[in-house]
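>>> With the input below, show me the fold.
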Amino acid sequence: MAHDINIPDIVKLEAYETAERARREFDEDIGPDPLEYHEVLPFPVEVLPYPMRSLVEEGARAINCPVDFLGVPLLAMAGAAIGNSRAIRIKNGWVEGSRIYAAIVADPGSKKSPALNLVSTPLNKRQYYLQTEYEDAMKEYNQKLAIYEAELSEWKNKKGRGVKPEKPKEPVMGQVMTTDATLEALSEILAQNERGIILHRDELTGWVRSMDQYKGGKGADRQSWLSFWNGSQVIINRKNRKEPLILDNPFVNVVGALPPDVLGELADERGREDGFIHRILFSMPDRVPNKWTDSEVMQSTIDEFERVFDGLWNLKASSTGDGSPTPVIVPFTPSGKSVWVEWINDHYKEQEDPSFPDNLRGPWAKMEGYAARLALILHMCRIASGEVTSEDVDEYSMTGAAALIEYFKSHAKRVYSRLKASPEEKRMMGAVEWIKRQGGKVTARDILRYKVAGVKSASDAKTLLRELESRGAGTLEEGPRKSLIFHLAPVN
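Got it, this is the predicted structure:
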């Protein structure tokens, strides 16, 4: 049966068909969008003081993993060891502590966990010491409590005559690290450990999933994590507390790992631009091929590494009137400040380029604070290792921080390109990564043999390589017996 179509509908239909025809012709002219795949810089181990550099290099050889897997967590852990003891003054009204949120992005089985465990050795040792100290304090407390209860009973028998005994204060176990990401648990730990702690999790998606889990996603946990990154005051109200818990200068660093496929879970599910993901320093290094190695980390290297952390924990904070720790503020040296000014002007100039990607403006805005934070961390590590004696942050530490920022920028470009990529683009990115590991030259038969990007047939393999060529990822040539050979192009 025919349907009546009025004139306006016909006009709309013709306009749609005209626009669709123009779009197809435009797509044919320019071809598909180029594949956005970025090369990344290697972790600059040379900026670390010698004991830390030795641990990172020996550890990477022994585990057979990228040095990034040790170097990046090390920065977050060193920052946590410094905690609220030090902060760097850039100018009046701008002070930065050593707060870092860091994430290693790599596939399962790429040795992330062994690397994280090795670099955590000083924290585990410190935590064991604090636990032993707490157990000794509890024994003494129980003895004093028994005496107190006996004296209190005697005081009551005397009907309150004389001075009432004072109950001893129960000790609290100090902590330098936790794996519990819920705000309820973390807020109590921070209240009892004002110097600061580090949240250490192998799988960081659990960190994000824990936010607002008891409130159907309608709570303020995510906002609290934004405040933690800034060191801003956080006020936490809970039903089981008569009074709100007020954290004036909370310090918590975050470090862990996650596979590429779950990167999107770090973004807000409701699409809010709250800047949470921009606060994370990402590292997504190229994969290291699996192979056996007899390399080991020397015990002397571990001992020297641990001594640097002991030096960081020995940094004394100032104190407020109520005894709470407050950071000692350290300045740049004149030459250190000159390097800072040169770096930040270049950083601003980079963003003025009309071609600068909009999706990188958020993370680039956080790089300003991170440059100062990393300079502070590097300098305090140099103090703890005996390389320098003055706490004023010099040009060497600031130059090292600038190198680290360039490193993190290159990895941010790779990560954020994946965040905005379609499933098909992610599949092709995976193919590019695999081809790169093969030396940049493969055949369609290689693609099929190893089922790269999920190909199941020879025609699938050829289609994939032609699509990569059309998106500018490389070039194809015809080999013997009409085989296809793909040459990977240099990436950005």
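
>>> quick one: low-confidence parts of this structure?
The chain contains residues with pLDDT under 70 at 1-33, 212-219, 238-241, 267-273, 321, 323, 491-492.

>>> In this structure A421 contacts M429, no?
Yes - counting by CB atoms under 8 Å, M429 is a contact partner of A421 at 6.6 Å. Glycine gets a C-beta too; all of them are placed from N, C-alpha and C.

>>> tell me which residues in the host helix or strand of A371 are buried?
For A371, the element it lies in under DSSP states H and E is helix 361-385. Going by neighbour count (16 or more other CB atoms under 10 Å), the buried part of helix 361-385 is 362-364, 366-385.

>>> repeat for stretch 182-198
L183, L186, S187, E188, I189, L190, N193, E194, R195, G196, I197, I198.

>>> if we can go back for a sec, ok now the helix holding A371, how far from the chain's centre?
13 Å (CA atoms, centre = their mean, to the nearest Å).

>>> So which bits of the helix or strand just after it are buried?
As assigned by DSSP H and E, the chain's next helix or strand after helix 361-385 is helix 395-419. Within helix 395-419, the residues scored as buried using 16+ other CB under 10 Å are 395-405, 407-418.

>>> got it, and stretch 344-351?
I344, H347.

>>> still on that earlier bit, in terms of neighbours, single out the busier of A421 and M429.
M429 (21 against 18; other CB atoms under 10 Å).

>>> what about the closest residue to the more buried one other than its chain neighbours, is that helix, strand or coil?
Among residues not flanking M429 along the chain, Y37 sits closest, at 5.4 Å (CB to CB, 6 or more residues apart in numbering). Three-state call for Y37 (DSSP: H, G, I helix; E, B strand; the rest coil): coil.

>>> Likewise for F43?
Going by three-state DSSP: F43 is coil.

>>> burial of P480, as a residue count?
By other CB under 10 Å, neighbour count at P480 equals 7.

>>> ok, now K159?
Neighbour tally, K159, other CB under 10 Å: 7.

>>> Now it: phi and psi?
Main-chain dihedrals, K159, degrees, to the nearest 10: phi 60, psi 40.

>>> same check, this time on the one 5 residues further on
Backbone dihedrals for K164, given as degrees, to the nearest 10, come out at phi -70, psi 130.

>>> So it sits against E154, correct?
No - using CB under 8 Å, K164 is not in contact with E154, being 10.9 Å away.

>>> Return the distance of I197 relative to N253.
As judged by CB to CB, to the nearest Å, I197 and N253 stand 8 Å apart.

>>> where do the contact lists of the two overlap?
A80 (CB atoms under 8 Å, 6 or more residues apart in numbering).

>>> circling back to that earlier point, nearest to L118 among the buried residues of stretch 182-198?
Closest to L118 out of the buried residues of stretch 182-198 is I198 (15.6 Å), distances taken as CB to CB.

>>> Mind listing the residues bridging to the spatially most central residue of the chain?
By CA atoms, centre = their mean, the chain has its centre lying nearest to A102, at 1.2 Å. Legend: beta-bridge partners of A102 under DSSP bridges are V255, L281.

>>> show me the contacts for it.
Contacts of A102 by CB under 8 Å, 6+ apart are V72, P73, L75, A76, N253, V254, V255, I280, L281, F282, S283.

>>> L190 is in contact with the fifth one, correct?
Read it as N253. No - using CB under 8 Å, N253 is not in contact with L190, being 11.7 Å away.

>>> Pull up the overlap in contacts between those two.
With CB under 8 Å, 6+ apart, N253 and L190 have common neighbours G196, I197.

>>> Distance check, the residue nearest to the centre of the chain against S324.
27 Å.

>>> What of G196?
Taken as CB to CB, the span from G196 to S324 is 12 Å.

>>> same question, S54
Distance from S54 to S324, by CB to CB: 37 Å.

>>> before we move on, the earlier item: now, among the contacts of A102, which is nearest to D274?
Nearest to D274 among the contacts of A102, with distances taken as CB to CB, is I280, at 12.7 Å.
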